[in-house]
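Visitor: got a predicted structure plus its sequence, pasted below:
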Amino acid sequence: MEKNKLLELVSEMSLEEKAMQMTQLVPDMLYHLAPANLTGPLRQWHFTHGQLRCAGSVLGKSGAAYLKKLQDDYLKDARLPIPLLFMADVIHGYETILPIPLAQSCTFDPELVEENAAAVAREAAAAGLHVTFSPMADLVRDPRWGRVMEACGEDPWLNGQMAAATVRGYQGNDPGKKGKIAACVKHFAAYGQPEGGRDYNTVDMSRGVLRDFYLPAYREAVRAGAAMVMTSFNTVERVPATCNRWLLDGILRKEWGFQGVVISDYTAAEELMNHSVAADVPEAGEKCIHAGLDIEMMSGIYAASLAELLEQGRISEQEIDMCVMRILELKNRLGLFENPWKDADEELEKRLCGCKEHLELARKLARESMVLLKNDNVLPLSTDTPIGLAGPFSNTGGIFGEWSYLGNREKTRTLQEALTEEYGTRLVTAMTDTFCRENSDSALETPPEPEEFPEKSKPADAEALSDRKILPCGESHSVEETRLRKPDVPDFVEEALNRFRHCGLCIVAAGEPEWETGEAASKTDLRLSPNQEKLIRALHNAGKKVVLLLFSGRPLDIAPILDAADAVLQVWFPGSAGADAVTDILTGKYNPSGRLSMSFPRNTGQIPVYYNCYNTGRPVLDPENRFTSHYLDCPNSPLFPFGYGLSYTTFSCRNLKVSEDHSTASVLVENTGNRSGETVVQLYLRDVSASVVRPLKELKGFRRIALEAGDAVEVSFRITADMLSFYNEAEQWDWEPGEFDIMIGLDSEHVECQRVWFQP
Ligand code: NOJ
């Protein structure tokens, strides 16, 4: 549709129609028109039938047949021919579930991530969706925060690469094309740094930190063409992001030139009153309009206040029209005025969703994402004796992690099934489902889905499933106390030891329950549950070789159990093809190549621990000197650093050479082991002295390379002015002449370094 036709449409819309175009609800609203049928956050808004009939977009439902009918029913009654937009949280897969985003980032393979995102888009588009609330580009440093599973780790460069690749995969060069959907990058901004890792908590950081670490990935997603941006729940410089004019209008629209649609997070507009920056509904509406928030999700601030605000001259009609126009432009970009169903197609949906090709792609992604943390010569498995398999993730399809859209856990192959195919009756199983949490034999069951809204809510029985009770005010108990108070449960250990009496090696598929990851899943204790630790320790003490498979949505605190495991493979939540991917690695059909995108802490008290920190005035140069920045009881370094990961072969990285004009740096990478494998060569820079403090190391490039045993290759990186630049005190993007360290290595701790002088 021509732009002037869109403008005409806007001019024909009533104020109520505009306000509802700017309001996102759930589809049921259209069918349950009686206000008595409204539940949850929507009940209080007293929407009229007329208003409900013209909501501009809906969230959380999919399926070609359902959405086609919904669109038809909606348009049949609509006064103006403006189709609905369908959005949903397709975060890591539609029906074919991919590894969680944190795992995806450990591939350091944006091309494969893009290919998988394109497969996700094909499924979601055929199921009638137009927009996905992904990618999440929030930089994270604190694994206590449950949503690190949806993030791509602690590095801005890697985050940016992953966010951009995901956007390209979903949208291609045009989200309106067949098989494509629009991407909504979130949560703008800095949602990944809530104080104490507690979800929805205050975020507060300097503008320099925001610029250095937190903003770059959103910007890369915007540069890649993301059609939408979602605001975050938190404050940025004491103003909630949802009404933060500096952030939304200043940075996003003016500085980055973003022309798409900005949507709030779920009820975030009404939460301005809880934040105490709006005294009442109209003030919340006024602030959101001035900031340029186009759509509010799941609250009725705009519907309730625009007329009054306009009448009082507190907002202008032009401000409203700009929001509405951006929404119509997105609908137009998706081709909905001509074809309101877009790609919804029952037959195609059936054919594509969960198809073999997509599963195969997901398997590739899953095995590249797994990180081998330790291996004392036990992997790949090469034993003729029986192999034990235990642990709560041994025989479950519940290996998706949160936000797994339509993935079917019942139909998903389990590790036990995949390993039985390899080892037949040599595989001996014990304790395969029950001891993730004490006092519960259903600990891994997914909690019931909330009925009304796609928003995840705390399951009613969550407390019963957890061994961590919420205490009344004034009472407290430490994690250690909690552990000590647990009754000893030696029976299951004995049973396992008995079943494994002929096994020299045991695989323990351990981790955290799926529902302890994702939104509203912050934790203060990141250790494995006591019974899992007990089992691992008991097997080790009985002289078995232990291969620990870690299923988790975050770096866990595994230091207490590390010595008892001979090999540790971090498998994250690997998705629909996860069991096959793990088996590929255990058997050696695939040589592990994942690299950590987030440092592993030595204990919870060390959090946050991340590689790209600023230097302090008292760095630890002399370990004997007490008055330096360190802990008395724990080193500053992580248990496993960013960029780290083992392989079944070994690599060396040497001969760092910097060209005379400093425009390229290269190293010689050699496969020094006896099998082919892949590694990730990493370029880091450090501005040695500048007008403001700079990180000790910053990733500025990486290359995933495959080498046959004995082969070597020279890998070189271009060094550009952009890589040397940062936002200075005047908030200008520029670089400062002087000394820089150029470092290349195979993880963030082990690098070759050359100091060079850059001048204009
Ligand atoms: C709240 C979450 O923070 C956000 O990530 C999600 O997209 C929305 N709910 C919609 O479900």
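Guide: The structure has been received and is ready for your questions.
Visitor: which parts of the stretch 451-600 of the chain are helices?
Guide: 462-465, 479-485, 490-499, 530-541, 559-562, 578-587 (DSSP state H, counting those that start in this stretch).
Visitor: which stretch among the ones you listed comes nearest the ligand?
Guide: Evaluated with Cβ to the nearest ligand atom, these place helix 462-465 nearest to the ligand, the distance being 17.9 Å. No exception for glycine: its C-beta is placed from N, CA and C like everyone else's.
Visitor: my read: residue 211 touches residue 728, true?
Guide: No: Residue 211 lies out of contact with residue 728 (Cβ atoms under 8 Å); the separation is 9.6 Å.
Visitor: rewinding a little: deepest-packed of the helices of the stretch 451-600 of the chain, please.
Guide: Ranked by mean neighbour count, the helices of the stretch 451-600 of the chain are led by helix 578-587 with a mean of 24 (mean count of other Cβ atoms under 10 Å).
Visitor: for whichever helix or strand comes after it, packing partners?
Guide: Per DSSP states H and E, the first helix or strand lying C-terminal to helix 578-587 is strand 651-658. Other helices and strands packing on strand 651-658, by 3 or more Cβ pairs under 8 Å, 6 or more residues apart in numbering; DSSP states H and E, are strand 664-671, strand 677-687, strand 738-745, strand 751-758.
Visitor: apply 7 Å and report the result again.
Guide: Contacts defined by 3 or more Cβ pairs under 7 Å, 6 or more residues apart in numbering; DSSP states H and E place strand 651-658 against strand 664-671, strand 738-745, strand 751-758.
Visitor: now the second one: how far from the chain's centre is it?
Guide: Taking the mean C-alpha point of strand 738-745 and that of its whole chain, the gap between them comes to 30 Å (Cα atoms, centre = their mean, to the nearest Å).
Visitor: on the pLDDT front, check the residue of the stretch 101-250 of the chain found nearest the ligand for me.
Guide: Scanning the stretch 101-250 of the chain for the residue nearest the ligand gives residue 133, at 3.5 Å (criterion: Cβ to the nearest ligand atom). On pLDDT, residue 133 comes in at 98.
Visitor: I'd guessed it sits against residue 186; true?
Guide: Yes: taking Cβ atoms under 7 Å as the definition, residue 133 is a contact partner of residue 186 at 6.1 Å.
Visitor: and for these two, which residues touch both?
Guide: residue 230 (Cβ atoms under 7 Å, 6 or more residues apart in numbering).
Visitor: heading C-terminal from the helix or strand hosting residue 121, find the next helix or strand.
Guide: In this structure, residue 121 sits in helix 110-126 according to DSSP H and E. For helix 110-126, the following helix or strand on the C-terminal side (DSSP H and E) is strand 131-132.
Visitor: so what strands line up beside that following strand?
Guide: Partner strands for strand 131-132, per DSSP bridges, with pairing direction: strand 85-88 (parallel), strand 182-188 (parallel).
Visitor: neighbours of residue 241, just the number please.
Guide: 26 (other Cβ atoms under 10 Å).
Visitor: quick check, it in contact with residue 247.
Guide: Yes: Residue 241 is within contact range of residue 247, at 5.8 Å (criterion: Cβ under 7 Å).
Visitor: anything in contact with each of these two?
Guide: With Cβ under 7 Å, 6+ apart, residue 241 and residue 247 have common neighbours 188, 189.
Visitor: contact residues of the stretch 501-650 of the chain facing the ligand?
Guide: residue 519 (Cβ under 6 Å from any ligand atom).
Visitor: in the stretch 501-650 of the chain, which residue sits nearest the ligand?
Guide: residue 519 (5.5 Å).
Visitor: give me the pLDDT for residue 377.
Guide: Predicted confidence (pLDDT) for residue 377: 96.
Visitor: wasn't it part of a strand?
Guide: No: looking at residue 377 with DSSP: H, G, I helix; E, B strand; the rest coil, it is coil, so not inside a strand.
Visitor: from residue 566, how far off is it?
Guide: 8 Å (Cβ to Cβ, to the nearest Å).
Visitor: neighbour count: these two, which is higher?
Guide: With neighbours defined as other Cβ under 10 Å, residue 377 and residue 566 compare such that residue 566 has more, 19 against 8.
Visitor: contact partners for the more buried one?
Guide: 376, 378, 545, 546, 547.
Visitor: residue 150 now?
Guide: 91, 100, 101, 136, 403, 518.
Visitor: using a markdown table, lay out these together with neighbour count and secondary structure.
Guide: Formatted as a markdown table, these follow (neighbours: other Cβ atoms under 10 Å; DSSP: H, G, I helix; E, B strand; the rest coil):
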| residue | neighbour count | secondary structure |
| --- | --- | --- |
| 91 | 25 | coil |
| 100 | 31 | coil |
| 101 | 32 | helix |
| 136 | 31 | strand |
| 403 | 27 | coil |
| 518 | 22 | coil |
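Visitor: pLDDT-wise, what's the bottom of those residues?
Guide: Scanning those for pLDDT, the low point is residue 403. It has 92.
Visitor: got phi/psi on that residue?
Guide: Dihedral pair for residue 403: phi 60, psi 40, per degrees, to the nearest 10.
Visitor: residues contacting it?
Guide: Applying Cβ under 7 Å, 6+ apart to residue 403 gives the contacts 89, 91, 92, 150, 518.
Visitor: for the fourth one, give its distance to residue 162.
Guide: Right, residue 150. 11 Å.
Visitor: just the helices in the stretch 201-350 of the chain please.
Guide: 207-209, 216-223, 245, 271-274, 281-291, 301-311, 317-333, 346-352.
Visitor: any chance of the ones you listed in a markdown table, with mean neighbour count too?
Guide: A markdown table is the format used below for the helices of the stretch 201-350 of the chain (neighbours: other Cβ atoms under 10 Å):
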| stretch | mean neighbour count |
| --- | --- |
| helix 207-209 | 15 |
| helix 216-223 | 24 |
| helix 245 | 14 |
| helix 271-274 | 17 |
| helix 281-291 | 23 |
| helix 301-311 | 20 |
| helix 317-333 | 18 |
| helix 346-352 | 16 |
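Visitor: tell me the secondary structure for residue 358?
Guide: helix.
Visitor: centroid-nearest residue for the protein?
Guide: residue 150 (1.6 Å; Cα atoms, centre = their mean).
Visitor: low-confidence regions, the stretch 51-200 of the chain specifically.
Guide: Residue ranges of the stretch 51-200 of the chain with pLDDT under 70: none are present.
Visitor: and what of the chain?
Guide: 32-42, 433-490.
Visitor: what residues does the stretch 251-400 of the chain put near the ligand?
Guide: Of all the residues in the stretch 251-400 of the chain, those lying near the ligand are 265, 266, going by Cβ under 6 Å from any ligand atom.
Visitor: dig out what whatever residue of the stretch 251-400 of the chain ends up closest to the ligand forms beta bridges with.
Guide: Nearest to the ligand, among the residues of the stretch 251-400 of the chain, is residue 266, at 3.8 Å (Cβ to the nearest ligand atom). With DSSP bridges as the criterion, the beta-bridge partners of residue 266 are residue 297.
Visitor: count of neighbours near it?
Guide: 22.
Visitor: separation between it and residue 30?
Guide: 19 Å.
Visitor: kindly report the same for residue 597.
Guide: Counting by Cβ to Cβ - residue 597 and residue 30 are separated by 41 Å.
Visitor: for those two, indicate the residue with more neighbours.
Guide: Comparing residue 597 with residue 30 by neighbour count (other Cβ under 10 Å), the higher total belongs to residue 597, at 29 against 18.
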